[in-house]
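Engineer: Return a 3D structure for these sequence lines:
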Amino acid sequence: MRIRKGDTVYVMSGKEKGKTGKVLRFSKSTNRVLVQGVNFVKKHARQTRQDQPGGILQKESPLHVSNLMFYCPRCSKPSRLGTKFLNDRSKTRICKKCQEMV
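Structural biologist: Below you'll find the predicted structure:
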């Protein structure tokens with residue numbers, strides 16, 4: 001996958017469509033990405049210890065990678081990612097819209 005931890009992504013579909021956030025965690029086995037500040041779900045938790053509060057907690061839930069698109073910080077638009085080989089034979093990612101290295 002071309003999306004990595006620390007990238008800014010744009011949500012293309014679903015109830016969170018149009019939001020952007022930073023990738024916190026990526027799971028290769030399930031192709032799901034945890035994005036900061038996007039896709040909150042409510043979890044009902046019981047108090048298991050005296051110092052741990054119970055009640056309704058809000059936490060972020062992972063999104064499928066097909067619903068996300070890389071958000072380029074230079075052109076401030078969601079775009080596809082491409083790869084390019086540099087002169088020293090190292091591979092780097094580029095934005096397909098502005099052709100800048102990411």
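Engineer: how near is residue 15 to residue 61?
Structural biologist: 11 Å (Cβ to Cβ, to the nearest Å). All C-beta spots, glycine's among them, are computed from the backbone N, C-alpha and C.
Engineer: To clarify, my last question referred to residue 77.
Structural biologist: From residue 77 to residue 61 the distance is 26 Å (Cβ to Cβ).
Engineer: what pairs with the nearest residue to residue 102 once chain neighbours are set aside across the strands?
Structural biologist: Excluding the flanking residues, the one nearest residue 102 by Cβ to Cβ, 6 or more residues apart in numbering is residue 93, at 4.6 Å. Beta-bridge partners for residue 93, by DSSP bridges, are residue 83.
Engineer: Wait, residue 93 touches residue 101, no?
Structural biologist: Yes: with contact defined as Cβ atoms under 8 Å, residue 93 reaches residue 101; the gap is 7.1 Å.
Engineer: With neighbour numbers in mind, choose between these two.
Structural biologist: residue 93 (15 against 11; other Cβ atoms under 10 Å).
Engineer: how close does the more buried one sit to residue 43?
Structural biologist: 35 Å.
Engineer: residue contacts, the spatially most central residue of the chain?
Structural biologist: With distances taken as Cα atoms, centre = their mean, residue 23 lies nearest the centre of the chain, 3.5 Å away. For residue 23, the contact set (Cβ atoms under 8 Å, 6 or more residues apart in numbering) comprises 3-9, 33-36.
Engineer: for this protein, what spans make up the strands?
Structural biologist: 8-11, 20-27, 32-35, 40-45, 55-60, 63-64, 68-72, 77-78, 81-85, 91-95 (DSSP state E).
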